[in-house]
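Student: Next comes the sequence, and after it the predicted model I'd like to discuss.
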Amino acid sequence: DAKTTQPTSMDCAEGRAANLPCNHSTISGNEYVYWYRQIHSQGPQYIIHGLKNNETNEMASLIITEDRKSSTLILPHATLRDTAVYYCIVRFYFGNEKLTFGTGTRLTIIP
Amino acid sequence: EAQVTQNPRYLITVTGKKLTVTCSQNMNHEYMSWYRQDPGLGLRQIYYSMNVEVTDKGDVPEGYKVSRKEKRNFPLILESPSPNQTSLYFCASNGFSEIGLTEQFFGPGTRLTVL
């Protein structure tokens, strides 16, 4: 699976949009971009995934650049409960669902 | 409510005393797996199971056993725990769609301390 690079930490004001970047310059054509988050020491929670088109669900939006070498997770109206570590993962859709979590981005929502 | 449950949530034990951490999912998922999470090392897969009676090693299987006798349950067994198995453990499950595995659902975690 391709490696990803994320900033170590970010702050965002409550109510504002949180934009979390991820670089995956070695991504291959069959690899998807997944985002998970982990609140404190709870089990990681799936947020969203995409291949090349932008995606949106009830939690977030995922913007993937045209060359697919980077993406941005957008939490449109961040709340204090969105404070967590966010992981960007690149993997094939098929095969062993082994998620290689890096160190992620620690997002802190400021009141 | 769709969920993955683990028990116990917290456990302190001593070296060599066999223990089992249970995992159960109510989503009829075929795929289940176990991870351990340690500071600075992220999540590492221990074992996974593609379906009943089908299990395989992940990245760090030494010192662990699993079984998959029923679709919903995937217990993790430590026959002779050692202090280096002190960690936070997560069970997870996935279903299958027509194009592959669905997103992974994680349990709440089991914090194990081996003295």
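Tutor: Happy to help now that I have it.

Student: what about residue A:101, how many neighbours?
Tutor: When neighbours are defined as other Cβ atoms under 10 Å in any protein chain shown, residue A:101 has 19 of them. C-betas here are computed from N, CA, C, even on glycine.

Student: swap in residue B:85?
Tutor: Neighbour tally, residue B:85, other Cβ under 10 Å: 20.

Student: Please save the CA atoms from the top strand by length along chain B in PDB.
Tutor: When chain B is parsed with DSSP state E, its longest strand is strand B:42-51. Output of strand B:42-51 as PDB, limited to C-alpha atoms (Å, rounded to 0.1, in the frame of the first residue of the first chain):
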ATOM      1  CA  GLY B  42       0.200   2.700  15.100                       C
ATOM      2  CA  LEU B  43      -2.200  -0.200  14.600                       C
ATOM      3  CA  ARG B  44      -0.600  -3.500  13.700                       C
ATOM      4  CA  GLN B  45      -2.700  -6.500  12.600                       C
ATOM      5  CA  ILE B  46      -2.300  -9.700  14.600                       C
ATOM      6  CA  TYR B  47      -4.700 -12.100  12.900                       C
ATOM      7  CA  TYR B  48      -7.500 -12.000  10.500                       C
ATOM      8  CA  SER B  49     -10.300 -14.300   9.300                       C
ATOM      9  CA  MET B  50     -12.000 -14.300   5.900                       C
ATOM     10  CA  ASN B  51     -14.900 -16.500   7.100                       C
END
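
Student: Quick check, central residue of the chain?
Tutor: Reading this off chain A. For chain A, the residue nearest the mean C-alpha position is residue A:35 (3.5 Å; Cα atoms, centre = their mean).

Student: um, chain B though
Tutor: Centre-nearest of chain B using Cα atoms, centre = their mean is residue B:34, 2.7 Å out.

Student: any chance you could map the strands in the chain?
Tutor: Here I'm looking at chain A. Using DSSP E, strands in chain A cover A:9-13, A:18-23, A:31-38, A:45-50, A:55-56, A:61-64, A:70-75, A:84-92, A:105-110.

Student: looking at chain B here, not the other one
Tutor: B:4-7, B:10-13, B:19-25, B:31-38, B:42-51, B:54-57, B:65-66, B:76-78, B:87-94, B:96-97, B:100-101, B:105-106, B:110-114.

Student: Report all helices and strands that the fifth one contacts.
Tutor: With contacts taken as 3 or more Cβ pairs under 8 Å, 6 or more residues apart in numbering or on different chains; DSSP states H and E, strand B:42-51 sits against strand B:31-38, strand B:54-57, strand B:65-66.

Student: Tell me which of the ones you listed sits nearest to residue A:49.
Tutor: Nearest to residue A:49, of all the helices and strands packed on strand B:42-51, is strand B:31-38, at 16.0 Å by Cβ to Cβ.

Student: So that closest one, near chain A or not?
Tutor: Yes: part of strand B:31-38 sits near chain A under the criterion Cβ under 8 Å from any Cβ of the partner chain, namely B:31, B:33.

Student: quick one: strands adjacent to that strand?
Tutor: strand B:42-51 (antiparallel), strand B:87-94 (antiparallel) (DSSP bridges).

Student: that older thread, deepest-packed of the helices and strands packed on strand B:42-51, please.
Tutor: Compared across the helices and strands packed on strand B:42-51, strand B:31-38 shows the largest average neighbour count, a mean of 24 (mean count of other Cβ atoms under 10 Å in any protein chain shown).
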